[in-house]
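From the sequence below, what's the structure:
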Amino acid sequence: MYVRVEEGRVSVEDAGNLRDFHVEVPSDMTERELDEVLRARDFGYARGASAFILTKRIENAAAGVAEMIDYAKSKGWIDEDGKALQAHVVRT
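Residues are numbered from 1 along each chain as shown. Sure, this is the predicted structure:
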């Protein structure tokens, strides 16, 4: 599963793949632009080289993601509020 962020749009792609989680953005999108789009669409936020995607958005995207979320939490890939999973940003 990955989150695709484009100009003003956010979508969840490949929801059946629970072994990979990242955020894809255009190569010219700045961290600030990414943060603005994620916040405007209530998907999360960007900080540093990472994006943080709200767990409620992940849970709404596909069935059976609870194990993926639990695994990410066990690795510390969650924000301090416990409401968003950390994902690396892939520039396309």
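
Could you use CA atoms for every contact and neighbour count after this?
Will do.

What separation do you get for the spatially most central residue of the chain and residue 25?
The residue at the geometric middle of the chain, judged as the C-alpha nearest the mean C-alpha position with CA atoms, centre = their mean, is residue 53 (3.6 Å). For residue 53, the distance to residue 25 (CA to CA, to the nearest Å) stands at 14 Å.

go on, residue 34?
Residue 34 sits 8 Å away from residue 25 when distances are taken as CA to CA.

do residue 43 as well
Shown here: residue 43 relative to residue 25, a distance of 14 Å by CA to CA.

neighbour-wise, which of residue 34 and residue 25 wins?
Neighbours per residue (other CA atoms under 10 Å) separate residue 34 from residue 25, with residue 34 holding more: 25 against 20.

how would you label that one: helix, strand or coil?
Of the three states, residue 34 takes helix under DSSP: H, G, I helix; E, B strand; the rest coil.
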